[in-house]
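Trainee: With the input below, show me the fold.
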Amino acid sequence: MQIFSKGFCWGVYWPNIPIFPHTADVVKSYWTKGYGLLTLGFTLVLSGSVIQAVNAQIVPDGTLPQNSAITREGNIERITGGTQAGSNLFHSFREFSLTTGATAWFDHATTIENIITRVTGGNISQIDGIIKANGNASLFLLNPNGIVFGLNASLNIGGSFIGSTANSIKFADGMDYSAINPETPPLLTISVPLGLQFGGNLHSPGEIQVMGVGHSLRMPTNAIYARIEGAGNNNTGLAVIPGQTLALVGGSVNLDGGVVTAPGGRVELGSVGIGFVSLTPLPLGWRLGYEGVQEFRDMALTNRAAVDASGTGSGSISVIGNNINLNEGSAILIENQGKNTSGTLELIANSNVQIIGQTSDGQMRTGLFNQNVGDGKGGDVNVTAPYLQMEDGAGIFAVTFSNAPGGNLNFNISEQMQLVGVSPLNPVIPTRIGAITFHAGTGGAISITTGSIKVLEGATVVALTLGSGAGGDTTVNAKDFIEMVGANPVSFQGSVIAASTLNAGQGGNLTINTGRLILRNGGVVSSSNLATGAAGRLTINARDAVEVSGEFPGAANPSVILSSAVMVEPIRQQLYGIGPVPSGTSGTIIINTPVLQVTDKGQVAARNDGTGNGGDIRINAGEVFLGGLGGLTAATNSGEGGNIILQTDLLQLRGGGLITATSRGTGNGGNIGIDADIIAALENSDITANAMTGSGGNIQIHSRGIVGTEFRPFPTGNSDITASSQFGVSGTVTIHNLDANPSSGLEELPSNVIDASKRVITGCAAAQGNSFTVTGRGGLPENALEPLRGQTLWEDLRVISSQRETGRLGDWETGRRGEEEMGGWGEGQSRSLIEASNWVVHPDGRVDLVAEVISAKGSDWAKYPSCEDF
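Mentor: This next block holds a predicted model:
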């Protein structure tokens, strides 16, 4: 409890004590509960959790060379004096509070640019009246103990307003204007403020609260997204004039129904515990920097709280803290209404960001909104945090309603993003992240970088084209996994990440890079066209696996990776304002992953249910499993069927698994190309490129082994490969078996086996300079149609003669042998030892086995074999 006094007026502040009647019983009860109470016959006025005194309390502390002077004029506290240094005017107060209806008027020369006010007493500043200043001066209000702006608090100043619970304000020349140590007379400076210093001396900065009745913003709920009504027209809360800065930087910042407005200017909300917050002057206003902060505190926006920088200027908003919570329809909003490029809406949290729900009447989502209705480019929305959680119809949007380009959505969530469910009050409103274009303006892009992302129970992430402008691209980089499960229980819309077009505009591309992509029970990844525009390209790179399985009962689609033109149910046709039959073309799907599993009716589909052509599916995977009626589909209704190109080591189809590029109407079937080491298709699993009245497509398969399926002219109850047409020309099926069956084409051997030894000749004549080698001893040559192959024999290259001479080996490295005379062995030449191939009978009856070549003479009995003997 904090107790402060001035004369007969006393004030007491109890944190977290609810509003209660001013009765003795209640006072007594809080006394007995240990809160303590000092009563001297005063009146208590409550605002939220604050108990105030009736009279304004503005008391100078007498610490400046020229002190402030207070003159009461009815409900106006006129503040004069203070110490001037150049264009800076310094004030120092022991107390600074305003009751309901009171005004604190800083009456100064119009040459003053900065009014720098500190509060050195031990009490919070309770502001429930008006703070007013002359001219265009910016006002700094510094109270380390805390600042509370009540329901009736407002600003009437010509410059910027910076309210802070920092210890001190530092200046460029090194001066430190401290509210913690006011005893030391400061050497006041003419330089501009450099920054706000928090912490030190074990002092914890106080809280900043903005109380209020909430905003009057309204978003019609009969469409995907409608322009927010009332943007820039808030008549309550704290506001500065157009183009200026409104900054609240405290230990923790809480807006409980509070509204903070800087039309076309800049709003800064910062929850800081320890560190230095820099101040940079702009042509209009100030920009704050948090690079020197070591510790952040929590922030909350509740009960229809609003932060609004809408207007004709380049409005921008920066919100930074530890844990940041938005709920109950609270909104952070920029609407660009002019020709200038809109500023950025930035939200940074050291820990968690939670954005949940909507207003109690269901008329306004909780969320972040940067929408463009003017001729200037829309601004971006940037969210940086370890964790982001969105639930119950909350939203983050960058939307363009004009011909100018829309802003981008950028998310840097280091650990996990989670989007869950729909609005409990209006279930057709999903939790959504959206970059949307309504007219000719190019839609903004969505970029998500995170550890993992979960999109559950009908939540959506979508870059959407509702006009003639091209849609923005969507890129999701999730290091660990992406999980998408379930559907909206009322509209049956699945949990979606999409880049889609619902009009004539070209749809944006969707790229997903992740470790594992998991789609279950209605999860959808889509780049689709529901009208006349062309769908964008969908690329998935999954380091570990892609899993697509299951369906949600009643949903239009099962779990699916989709690039298509699809017809939607009438309720969505009315909701989106589109025709019953799309005419645009489907996009291309590219999947690169080690494992692709599509099961339990899951699909990878580039189909077209309208009049346009189907898209292509290109898959590069180590293993592909299609089972339980799951499959790959590039089917069309009346357009040309799309193509499916599949490269994998192992392709398995089980239980009705399907690969189809079929045209169900007047178009031709698409083509299918499969390159797989092994293909196994069982249990009525088909590969088809069929057509109804057009020509069937072509199927080409390259495989080392195909099991369980074969080509058939028409589909059967078995596993088929077909390219037929019911009323047109059938397509072709070509199967290239890369490793032919070794048993095919063999001839049966005769029953009478010939003794091979009787067919072998032991040698051939070799003329000088030639050699001949017989192979296949004991059998026949390997191929009778090919020349005999040489056989290397062992040779002894030692010199037999007593005169050892070195033989010529030739080029050893290249394997060429040295040159030798083949007519006989000269002295000193090495002689090779080779097997005997003949014999000689001498007159005395001796028989010699010989291998030397002897000059052939007609009278010699020894016959040398010739090739004719073979």
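Trainee: all contacts plus neighbour counts: C-alpha atoms, from now on.
Mentor: Noted.
Trainee: where are the low-confidence patches of the stretch 51-200 of the chain?
Mentor: 51-56, 184-187, 200 (pLDDT under 70).
Trainee: Mind doing that once more with 50?
Mentor: 51-54 (pLDDT under 50).
Trainee: residues of the longest strand seen in the chain that come out buried?
Mentor: For the chain, the strand that runs over the most residues, judged by DSSP state E, is strand 266-281. For strand 266-281, a neighbour-count test (16 or more other Cα atoms under 10 Å) marks 266-279 as buried.
Trainee: Quick one: mean pLDDT for it?
Mentor: Averaged across strand 266-281, pLDDT comes to 97.
Trainee: Same question for stretch 318-327.
Mentor: Averaged over stretch 318-327, pLDDT sits at 98.
Trainee: before we move on, the earlier item: I'd like the buried residues of strand 266-281 laid out as a markdown table, including distance to residue 82.
Mentor: Shown next, in a markdown table, are those (distance: Cα to Cα, whole Å):
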| residue | distance to residue 82 |
| --- | --- |
| 266 | 28 |
| 267 | 28 |
| 268 | 27 |
| 269 | 28 |
| 270 | 28 |
| 271 | 30 |
| 272 | 29 |
| 273 | 30 |
| 274 | 29 |
| 275 | 29 |
| 276 | 26 |
| 277 | 26 |
| 278 | 25 |
| 279 | 23 |
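Trainee: farthest pair in the residues you listed?
Mentor: 266 and 274 (23.6 Å; Cα to Cα).
Trainee: so what's residue 840 bridging to?
Mentor: residue 848 (DSSP bridges).
Trainee: got a pLDDT number for it?
Mentor: Looking at residue 840, its pLDDT reads 73.
Trainee: list the contacts for it?
Mentor: 847-850, 862 (Cα atoms under 8 Å, 6 or more residues apart in numbering).
Trainee: which one of those is nearest residue 171?
Mentor: Here the nearest of the contacts of residue 840 to residue 171, counting by Cα to Cα, is residue 850; it sits at 114.1 Å.
Trainee: So what's the residue count around that closest one?
Mentor: For residue 850, the count of nearby residues is 14 (other Cα atoms under 10 Å).
Trainee: Pretty sure it sits against residue 841.
Mentor: No - if you go by Cα atoms under 8 Å, residue 850 and residue 841 don't touch, sitting 10.7 Å apart.
Trainee: What sits closest to residue 421 if chain neighbours are left out?
Mentor: Distances taken as Cα to Cα, 6 or more residues apart in numbering place residue 457 nearest to residue 421, at 4.6 Å, with adjacent residues excluded.
Trainee: Kindly state the domain boundaries assigned to this structure.
Mentor: Here the domain parsing of the chain from automatic domain parsing is 2-45, 56-205, 212-236+250-404, 445-615, 644-737.
Trainee: Mean neighbour count, those domains: which tops it?
Mentor: Comparing those by mean neighbour count (mean count of other Cα atoms under 10 Å), domain 445-615 comes out on top with a mean of 25.
Trainee: next one: that one to chain centre, how far?
Mentor: Mean C-alpha position of domain 445-615 versus that of the full chain (Cα atoms, centre = their mean, to the nearest Å) differs by 14 Å.
Trainee: Adjust the sequence numbering to begin at 782 for everything that follows.
Mentor: Got it, the first residue is 782 from now on, which makes the last one we talked about domain 1226-1396.
Trainee: Now do it: distance from first to last residue.
Mentor: By Cα to Cα, to the nearest Å, the extent of domain 1226-1396 from end to end equals 23 Å.
Trainee: returning to that earlier point: can you give me the offset of the longest strand of the chain from its chain's centre?
Mentor: Centre to centre, stretch against its chain (Cα atoms, centre = their mean), the figure for strand 1047-1062 is 29 Å.
Trainee: Convert the C-alpha atoms of that strand to CSV, please.
Mentor: C-alpha atoms of strand 1047-1062 as CSV (Å, rounded to 0.1, in the frame of the first residue of the first chain):
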residue,chain,number,x,y,z
ARG,A,1047,3.6,6.9,-34.2
VAL,A,1048,2.5,4.9,-31.1
GLU,A,1049,5.2,3.3,-28.9
LEU,A,1050,4.4,0.9,-26.1
GLY,A,1051,7.3,-0.6,-24.2
SER,A,1052,7.5,-2.7,-21.0
VAL,A,1053,11.0,-2.3,-19.7
GLY,A,1054,12.6,-3.6,-16.5
ILE,A,1055,16.3,-2.8,-16.8
GLY,A,1056,18.2,-1.0,-19.5
PHE,A,1057,18.3,2.1,-21.8
VAL,A,1058,15.6,3.1,-24.3
SER,A,1059,17.0,5.5,-26.9
LEU,A,1060,15.1,8.5,-28.2
THR,A,1061,15.6,9.6,-31.8
PRO,A,1062,13.9,12.9,-32.9
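Trainee: which secondary structure elements does that strand contact?
Mentor: Judged by 3 or more Cα pairs under 8 Å, 6 or more residues apart in numbering; DSSP states H and E, the packing partners of strand 1047-1062 are strand 974-979, strand 1026-1031, strand 1033-1037, strand 1067-1077, strand 1097-1102.
Trainee: Does residue 1047 touch residue 1023 like I think?
Mentor: No - here residue 1047 lies out of contact with residue 1023, judged by Cα under 8 Å, at a distance of 9.1 Å.
Trainee: Have a look at the contacts of residue 1621 and tell me the least confident one.
Mentor: Ranking the contacts of residue 1621 by pLDDT, residue 1643 lands last with 43.
Trainee: Take the helices and strands packed on strand 1047-1062 and write them to CSV, including distance to residue 1263.
Mentor: Below are these laid out as CSV (distance: least, Cα to Cα, whole Å):
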stretch, distance to residue 1263
strand 974-979, 40
strand 1026-1031, 36
strand 1033-1037, 33
strand 1067-1077, 30
strand 1097-1102, 27
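Trainee: Would you enumerate the residues in contact with the residue nearest to residue 1202?
Mentor: Residue 1238 neighbours (Cα under 8 Å, 6+ apart): 1201-1203, 1266-1270, 1275-1276.
Trainee: Including secondary structure, distance to residue 1233 and pLDDT, could those residues go into a markdown table?
Mentor: Formatted as a markdown table, those follow (DSSP: H, G, I helix; E, B strand; the rest coil; distance: Cα to Cα, whole Å; pLDDT from 0 to 100):
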| residue | secondary structure | distance to residue 1233 | pLDDT |
| --- | --- | --- | --- |
| 1201 | strand | 14 | 98 |
| 1202 | coil | 18 | 95 |
| 1203 | strand | 21 | 93 |
| 1266 | strand | 14 | 97 |
| 1267 | coil | 17 | 94 |
| 1268 | strand | 20 | 92 |
| 1269 | coil | 22 | 88 |
| 1270 | coil | 25 | 86 |
| 1275 | strand | 19 | 91 |
| 1276 | coil | 16 | 95 |
